[in-house]
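# Show me how the following folds:
(one chain, ligands or ions: 1)
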Amino acid sequence: MSVQNSFQNKLAPVLTIDGPSGAGKGTITQLIAKKLGWSLLDSGALYRLTALSASRQEVSLEDEDGLALVAAGLDVIFQPSGFGEPVKVLLAGEDVTLELRTEVAGNNASKVAPFPKVRAALLQRQRDFQQLPGLVADGRDMGTVVFPEAQTKIFMTASAEERADRRYKQLKAKGLDVKIDDLLVEIQERDDRDMNRATAPLKPAADALMLDTTGLSIEQVLDQVLSYVGRT
Ligand code: DC
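Below is the predicted model of the structure:
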């Protein structure tokens, strides 16, 4: 990257949206990015990709050094798709969009995410998404670690029961046979791993605005976020 480009990137505003799984960050991030014409960083996808790529290369999900090499060498392309569709993800040219969204991929991501070397290997790749006219970054440590100087930081939550219920409806709509109690346990276990790890744990930045989406519609959340960004 040229000196001029990296200077321009620093000028690009960043909105960070952190919070636990299922709080609605992904949907809101997509809507906000579209509304503002900003680019989007789905940082969770990078952890999901690291776990998926490791499994394919037969690297153990407990081998920190091996995982860090996988993370540093990820051959990934994010292709924006139609509204409401997830961003298309190509891993070494193969479309892994659907595989990345499975519960297994999410759980495996949360197993590789605690390793400091994995997080370090992904850091610059995430910062490179900061481009004009702006960036909306979705994750767990966007406001605390990756973009500590972001102009607007939001920490989005919802009760574990509501998050399990939303996930249950999404999976049922896809025709999958799931039990809401199992989803609730998985969500609670993942929250626990994300919040209690030593490196970059899930927690609000000191200057984050808190947004509890329990009982709110997507439109209500969107309006609230836009008001935080000063764009309503
Ligand atoms: O947002 P997601 O569900 O796609 O994230 C999958 C896992 O990746 C999540 O359990 C924790 C981890 N993660 C992280 O540690 N840091 C991020 N910035 C994003 C995700």
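# contacting residues for the residue of the chain found nearest the ligand?
Closest approach between the chain and the ligand, counting by Cβ to the nearest ligand atom: G44, at 2.2 Å. Glycine gets a C-beta too; all of them are placed from N, C-alpha and C. G44 makes contacts with G106, A109, D138, G139, R140, as judged by Cβ atoms under 8 Å, 6 or more residues apart in numbering.
# Among the residues you listed, name the ones in strands.
Residues from those lying in strands, with DSSP state E as the criterion: D138, G139.
# of the contacts of G44, closest to Y168?
Distances from Y168 to those, taken as Cβ to Cβ, are shortest for G106 (14.5 Å).
# quick one: pLDDT of the closest one?
Per-residue pLDDT puts G106 at 90.
# again, but for G175
88.
# V87 too?
Confidence score, pLDDT, at V87: 82.
# same thing with D141?
For D141, pLDDT reads 95.
# Next, count neighbours for it.
When neighbours are defined as other Cβ atoms under 10 Å, D141 has 24 of them.
# Same check on V185?
Residues near V185, counting by other Cβ under 10 Å, number 13.
# Quick check, A51 in contact with L61.
Yes: contact criterion Cβ atoms under 8 Å: A51 and L61 qualify, at 6.3 Å.
# Find the nearest non-adjacent residue to V229, please.
Among residues not flanking V229 along the chain, T152 sits closest, at 5.3 Å (Cβ to Cβ, 6 or more residues apart in numbering).
# pretty sure the one you found contacts S227?
No: applying Cβ under 8 Å as the test, T152 and S227 come out as separate, 10.5 Å apart.
# out of the two, which sits in the busier spot?
Neighbour totals were compared for T152 and S227, and T152 leads with 19 against 11 (other Cβ under 10 Å).
# What does the more buried one show for phi and psi?
With angles defined as degrees, to the nearest 10, T152 sits at phi -130, psi 130.
# same question, D65
For D65, the backbone dihedrals (degrees, to the nearest 10) come out as phi -60, psi -40.
# Any part of stretch 129-140 near the ligand?
Yes: against the ligand, stretch 129-140 shows contacts by Cβ under 6 Å from any ligand atom at G139, R140.
# contact partners of that stretch?
With contacts defined as Cβ under 8 Å, 6+ apart, stretch 129-140 is touched by 8-19, 25-26, 29, 32-33, 36-44, 113, 126, 146-147, 150, 194, 200-202.
# I'd guessed E186 sits against E103; true?
Yes: counting by Cβ under 8 Å, E186 touches E103, with 6.6 Å between them.
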